[in-house]
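Peer 1: following is a predicted model, sequence given first.
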Amino acid sequence: MKKDRKYYEARGDIVWEVKTDEKMIALTFDDGPNPRITPLILDLLKQYDAKATFFTLGSRVQQFPELARRVVAEGHELSNHTYNHLYFRSGLDEARYLDDILKAQQVIRQTTGQLPRLFRPPGGYYNDAVVHAAKLAGINQVVIWSWHQDTKDWRNPGVDKIVSKVLNNARNGDIVLMHDHAERTSQTVEALKTILPELKQRGFRMVTVSELLSYGKPVHR
């Protein structure tokens, strides 16, 4: 049996987007927190009554604990993205991957008092080992993102391209991929200044991934 997206969606092991009639969309931010970018994103989310899910690195939560606590205090979802941004590629021992996930779980819980229930594998790499490791770590759901909502903002494609990617493809149940930390200077903040008010104007509620999941079912292709 080919273990592709259809296989994992049918089993409920991984979610890419949610089928719902509700005008809801989940904005997600990977790789943070970042002391310069994350506060700016949080300020914008508050301005437009938006909630989001931050798939954080345990190492960066440890480095910037106050930011992690602010994310939680303002009603956003703090989730697991491994401790060291570890990619599960061929040749990597599953036990090492599990240890990295568990280390992030421990750091996030000790820092914020909350135990993450969602996990996003770096790079969107998925297979049986990733799903198994997440389950062993007590994760409720592995989350990727809507393929039509990969902004590739970490590449700095231009603010207009990030905006167009989100707004031209926005539909109920989307999970949008952005970043609040990248090696290059992020254009995400400027893009959000257009994305957030426009989504709100269109009647979308911007919610956490967990809230989105509670309103619908994972899309089965």
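Peer 2: Yep, it's here.

Peer 1: list the buried ones in the host helix or strand of residue 211?
Peer 2: Residue 211 is part of helix 209-215 when elements are defined by DSSP states H and E. For helix 209-215, the buried set under the neighbour-count rule, 16 or more other Cβ atoms under 10 Å, comprises 209, 210, 212, 213, 215. (C-beta placed from N, C-alpha, C; glycine too.)

Peer 1: tell me which of these is nearest to residue 25?
Peer 2: When those are ranked by distance to residue 25 (Cβ to Cβ), residue 212 comes first, at 7.7 Å.

Peer 1: which non-adjacent residue is nearest the closest one?
Peer 2: Using Cβ to Cβ, 6 or more residues apart in numbering and skipping residues adjacent in sequence, the residue nearest residue 212 is residue 26, 4.5 Å away.

Peer 1: who's in contact with residue 209?
Peer 2: Each residue near residue 209 by Cβ atoms under 8 Å, 6 or more residues apart in numbering is listed here: 26, 28, 53, 77, 79, 118, 141, 143, 175.

Peer 1: which phi and psi does the fourth one have?
Peer 2: Put plainly, it is residue 77. Residue 77 has phi and psi values of phi -100, psi 130 when expressed as degrees, to the nearest 10.

Peer 1: ok, residue 5 - how many residues close by?
Peer 2: Per other Cβ atoms under 10 Å, the neighbour tally for residue 5 reads 16.

Peer 1: what about it, distance to residue 19?
Peer 2: Residue 5 is 14 Å from residue 19, where distance means Cβ to Cβ, to the nearest Å.

Peer 1: can you check residue 216 too?
Peer 2: Distance of residue 216 to residue 19, computed by Cβ to Cβ: 5 Å.

Peer 1: what is the residue sitting nearest the centre point of the chain paired to in the beta sheet?
Peer 2: Compute the mean C-alpha point of the chain, and by Cα atoms, centre = their mean the closest residue is residue 28, 3.9 Å away. Taking DSSP bridges, one finds residue 53, residue 177 as the beta-bridge partners of residue 28.

Peer 1: contacting residues around it?
Peer 2: 52, 53, 54, 55, 120, 143, 145, 175, 176, 177, 178, 209.

Peer 1: can you select the buried ones among the contacts of residue 209 for me in PyMOL?
Peer 2: In PyMOL, this line selects whichever of these come out buried by 16+ other Cβ under 10 Å:
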select buried, resi 26+28+53+77+79+118+141+143+175
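
Peer 1: for the contacts of residue 209, which one is nearest residue 107?
Peer 2: Nearest to residue 107 among these, counting by Cβ to Cβ, is residue 79 at 12.8 Å.

Peer 1: mind checking the SS state of that closest one?
Peer 2: Assigned with DSSP: H, G, I helix; E, B strand; the rest coil, residue 79 falls in the strand class.
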